[in-house]
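Colleague: Here you go, sequence then predicted model.
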Amino acid sequence: MDRTIPPPHPDPHPPRAFTPPPGACDAHCHVFGPADRFPFSPARSYTPPDAGIDDFERLQRRLGLSRAVLVQASCHGTDNAALADALRRGGGRYAGVAMIDDATSDAEIDRLHEVGVRGTRVNFVAHLGGAPDLAAFERTVARVAPRGWHVVLHFDAADLPAYAGLLDRLPCPYVIDHMARVDAAAGLDQQPFQALLRLLVDERCWVKVSGAERLTAAGPPPYDDVVPFARALIDAAPDRVLWGTDWPHPNVRHMPDDGDLVDLLADFAPDRATRDRILVDNPARLYELA
């Protein structure tokens, strides 16, 4: 099987800017395969290298993290077997965000809940296929909300204003991935970012200050142009902000060192108490982590 995206950084450095606290959580990461056990979807838009739970746990030890939220990768489609296996391995230290559709049975949703899934992810990003069928999206939300799940939404920032009404109708919490992929070159006053800040007035809305390597206009680190956006989001809702590496980094312009991404959180949240809230308290509350 020929991979179409590169593997993650082979030797990320340990954090240098601060020592992650006990219970620190990578709240956005993935597992890919291994494909001989967990085949990729025939409908996938990219073919990754294997980056399974054993590789991820080595990364956790290197970074000094102990909890994680594993998000179903689109290359696996709605077959959540690799995700469920990783969650079982975590023994309560990991939570999950699955991908489901109308073909996913209620019994399967219950099984996913039992192993630690607490949300479902829906993609609205153009290069990954664009907006879902909105009727199907609302059916999915109606099935997961009674279980206490939330919805993780992957948007292009420019599309946020158009979906304000849809978000306002959601019967459950929702999480905006990767700062809504805001254009870091367009400044804090740009309409899409202001729309994101307005969403955070709603107690149902959470946001991930992740994906700096995707958002930066500069390319390689130190990702300084992303820092003001993350700080503004943290200031707006410090108790509803999550952070994650996005390991193993599918479809990025350059492959980041995950140690740099941990260090960047010290720039996002220089205050230790706020940083600990983002790393420990917030994900534990949303995901019921052990």
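Modeller: Now that the structure is in, tell me what you want to look at. Numbers count the residues shown, from 1 in each chain.
Colleague: can we go C-alpha only for contacts and neighbour counts from here?
Modeller: OK.
Colleague: buried ones in stretch 16-29?
Modeller: 20, 23-29 (16 or more other Cα atoms under 10 Å).
Colleague: Take those and keep only those in strands.
Modeller: Among the buried residues of stretch 16-29, DSSP state E puts 25-29 in strands.
Colleague: Helices along the stretch 51-200 of the chain, start to end?
Modeller: For the stretch 51-200 of the chain, the helices defined by DSSP state H, counting those that start in this stretch occupy 53-63, 81-90, 106-115, 134-144, 164-168, 191-199.
Colleague: Other residues contacting the fourth one?
Modeller: Residues outside helix 134-144 that contact it (Cα atoms under 8 Å, 6 or more residues apart in numbering) are 100-102, 119-120, 122, 150-151, 170-171.
Colleague: If you count contacts, what does the helix or strand Ala232 falls within end up packed against?
Modeller: Assigned by DSSP states H and E, Ala232 belongs to helix 227-236. Secondary-structure packing of helix 227-236 (3 or more Cα pairs under 8 Å, 6 or more residues apart in numbering; DSSP states H and E): helix 258-268.
Colleague: What about Ala164, how many residues nearby?
Modeller: By other Cα atoms under 10 Å, the residues close to Ala164 number 14.
Colleague: go on, Leu134?
Modeller: 10.
Colleague: cool, Arg37 as well?
Modeller: Neighbourhood size, Arg37 [other Cα under 10 Å]: 9.
Colleague: So it: helix, strand or coil?
Modeller: Under DSSP: H, G, I helix; E, B strand; the rest coil, the three-state class of Arg37 is coil.
Colleague: For His76, see how far away it is.
Modeller: Going from Arg37 to His76 by Cα to Cα, to the nearest Å gives 12 Å.
Colleague: What spatial separation is found between Tyr46 and Arg214?
Modeller: Distance of Tyr46 to Arg214, computed by Cα to Cα: 17 Å.
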